[in-house]
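A.B. asks: Kindly generate the corresponding structure for this input.
(one chain, ligands or ions: 1)
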Amino acid sequence: MKAIRVENPGPDYRLVLDEASKPAPKPGEVLIKVAAAGLNHADLAQAQGRYPPPPGASEVLGLEVSGEIAALGEGVADFKVGEQVCVLLAGGGYAEYCTAPVECVLPVPKGIDLVGAAALPEVYFTVWTNLFDAARLAPGERVLIHGGSSGIGTAAIQLCAARGHDAFTTAGTAEKCAACERLGAKRAINYQEEDFVEVVKQLTGGRGVDVILDMVGGDYIQRNIAVAALWGRIVNIAYQSGMTATVNFGPVLMKRLSLLATTLRARTNVEKGAVRDAVQREVWPLLESGKIKPVIDRTFSLADAQAAHARMHKSEHIGKILLTA
Ligand SMILES: NC(=O)c1ccc[n+]([C@@H]2O[C@H](COP(=O)([O-])OP(=O)(O)OC[C@H]3O[C@@H](n4cnc5c(N)ncnc54)[C@H](OP(=O)(O)O)[C@@H]3O)[C@@H](O)[C@H]2O)c1
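C.D. replies: All right, here's what the predicted structure looks like:
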């Protein structure tokens with residue numbers, strides 16, 4: 001089969017379409033003929049040699065795909081050959097075929113096309129488990145979502161708005177801010193021009209937000225603490241501006257805040273299965289009723305993976321970038 005191979009891993013990596021052996025499903029896994037793969041920031045880090053796959057995962061890039069089930073591993077009874085699915089992976093998506101544990105497989109939501117469904121697994125597994133499992137977002141609470149125009153951000157804004165939360169967000173250009181507001185953000189703050197702490201405080205009568213979803217870290221850590229409401233929860237899924245910061249923890253104590261952080265990729269299949277069940281129960285009906293939609297920035301062919309990565313490196317995109325096999 002065809003698959004992308006990373007040549008010269010490091011800052012000047014190249015993505016090359018090459019021949020690779022077709023994987024075989026192990027017990028409890030399915031083989032998928034890939035229609036499309038979603039790009040994730042983690043793929044860039046892996047190609048640069050900064051984020052190795054967890055033990056046992058494919059060395060091939062790619063954390064999510066959509067496609068058709070082509071074969072079943074031993075003991076798989078819940079899925080049929082030919083079924084259209086979308087899947088969270090620990091690796092292997094930039095290829096014609098990949099395998100996945102059944103716990104990470106979801107049906108393509110009714111009304112969503114097969115290619116577009118590749119934009120769903122990583123964002124909704126991540127957003128659900130961070131906002132609802134980790135940060136315990138409760139009905140009526142207010143949220144601040146950093147990186148609103150990212151794959152993750154565009155999903156988080158829509159999900160929060162559909163569930164009735166006031167969602168504030170940050171993004172780096174006027175065009176990105178406008179897109180976030182069209183997706184349902186109550187107010188998108190251009191972080192190049194405005195201070196999100198001031199704006200959010202002003203819009204909430206000085207109270208702040210109950211939950212913050214952050215992928216920036218660095219100097220945002222202290223500012224998140226400043227804009228959190230009493231009993232607020234701040235959950236980090238990345239620290240793009242830096243893993244270290246000098247922090248005054250006084251307001252954490254006084255406002256009874258929780259600082260949280262989680263990753264998804266290295267969780268066990270059982271843990272991922274619990275998130276999959278929640279996503280299928282809570283998010284899939286919103287997709288099937290058209291209340292939320294995959295946000296697709298651009299689709300490249302698998303052979304053009306290098307150009308797709310270049311677009312993500314420049315952060316020109318709004319929503320998800322996809323590769324079609
Ligand atoms: N922990 C987990 O389980 C998990 C799972 C999935 C994703 N993630 C992480 O979540 C992040 C988003 O993933 P993605 O695939 O959706 O990536 P993406 O679409 O490439 O988005 C990256 C976002 O980060 C924003 N950003 C970067 N540097 C910034 C800065 N200094 N200040 C403010 N915003 C900044 C960019 O916004 P501008 O262009 O407007 O600056 C962009 O919206 C990535 O860091 C990824 O590694 C973590």
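
A.B. asks: any weak-confidence spans in the chain?
C.D. replies: Scanning the chain for pLDDT under 70 picks out nothing.

A.B. asks: For the closest residue to the ligand within the stretch 1-150 of the chain, which non-adjacent residue is spatially closest?
C.D. replies: Closest approach of the stretch 1-150 of the chain to the ligand (Cβ to the nearest ligand atom) occurs at Ser150, with a separation of 2.9 Å. To be clear about C-beta, it is placed using only N, CA and C from the backbone, and glycine gets the same treatment. Once flanking residues are discounted, Ser150 sits nearest to Met215: 7.0 Å by Cβ to Cβ, 6 or more residues apart in numbering.

A.B. asks: Can you get me a residue count around the one you found?
C.D. replies: 20 (other Cβ atoms under 10 Å).

A.B. asks: Pull out the buried residues from stretch 168-186.
C.D. replies: By 16 or more other Cβ atoms under 10 Å, the buried positions in stretch 168-186 come out as 168-171, 173, 176-180, 183-186.

A.B. asks: Would you mind measuring the gap between the ends of that stretch?
C.D. replies: Start-to-end span of stretch 168-186 (Cα to Cα, to the nearest Å) is 6 Å.

A.B. asks: Quick one: name the residues of this protein near the ligand.
C.D. replies: Within reach of the ligand by Cβ under 6 Å from any ligand atom, the chain has these residues: 40-42, 122, 126, 146-147, 149-153, 171-172, 176, 191, 215-216, 237-238, 240-241, 262-264, 312, 315.

A.B. asks: Mind doing that once more with 5 Å?
C.D. replies: Residues of the chain found near the ligand (Cβ under 5 Å from any ligand atom) are 40-41, 126, 147, 149-152, 171-172, 215-216, 237-238, 240-241, 263-264, 315.

A.B. asks: What separation is there between the residue nearest to Ser150 and Gly153?
C.D. replies: Met215 sits 8 Å away from Gly153, going by Cβ to Cβ, to the nearest Å.

A.B. asks: Identify the contacts common to the two.
C.D. replies: Here Met215 and Gly153 have 146-147 as joint contacts, going by Cβ atoms under 8 Å, 6 or more residues apart in numbering.

A.B. asks: Val279 belongs to a strand?
C.D. replies: No - using DSSP: H, G, I helix; E, B strand; the rest coil, the secondary structure at Val279 is helix, not a strand.

A.B. asks: count of residues packed around it?
C.D. replies: Close neighbours of Val279, defined as other Cβ under 10 Å, add up to 24.

A.B. asks: Can you verify my assumption that it contacts Glu122?
C.D. replies: No - Val279 is beyond contact range of Glu122, at 10.9 Å (criterion: Cβ atoms under 8 Å).

A.B. asks: in the stretch 201-325 of the chain, which spans are strands?
C.D. replies: Assigned by DSSP state E, counting those that start in this stretch, the strands in the stretch 201-325 of the chain fall at 209-214, 228-236, 258-261, 296-301, 320-324.

A.B. asks: Now, the residues of the chain next to the ligand that are in helices?
C.D. replies: By the criterion of DSSP state H, membership of the residues of the chain next to the ligand in helices covers 41, 126, 151-152.

A.B. asks: Pull the most distant pair out of those residues.
C.D. replies: His41 and Thr126 (10.9 Å; Cβ to Cβ).

A.B. asks: So between the two, which is more surrounded?
C.D. replies: More neighbours surround Thr126 than the other of His41 and Thr126, with 25 against 21 (other Cβ under 10 Å).

A.B. asks: nearest residue to Pro52 other than its sequence neighbours?
C.D. replies: Residue nearest to Pro52 in three dimensions, not counting chain neighbours: Gln46, with 7.1 Å by Cβ to Cβ, 6+ apart.

A.B. asks: Is the one you found part of a helix or strand, or is it coil?
C.D. replies: Recorded secondary structure, Gln46: helix (three-state DSSP).

A.B. asks: Count the residues that sit near the residue nearest to Gln306 when sequence neighbours are not counted.
C.D. replies: Once flanking residues are discounted, Gln306 sits nearest to Leu15: 4.5 Å by Cβ to Cβ, 6+ apart. Residues near Leu15, counting by other Cβ under 10 Å, number 23.

A.B. asks: How about the one 10 residues further on?
C.D. replies: A count of neighbours around Pro25, defined by other Cβ under 10 Å, yields 22.

A.B. asks: mind listing what the closest residue to it other than its chain neighbours touches?
C.D. replies: Nearest residue to Pro25 in three dimensions, chain neighbours excluded: Gly73, at 3.5 Å (Cβ to Cβ, 6+ apart). Residues near Gly73 by Cβ under 8 Å, 6+ apart: 25-31, 99.
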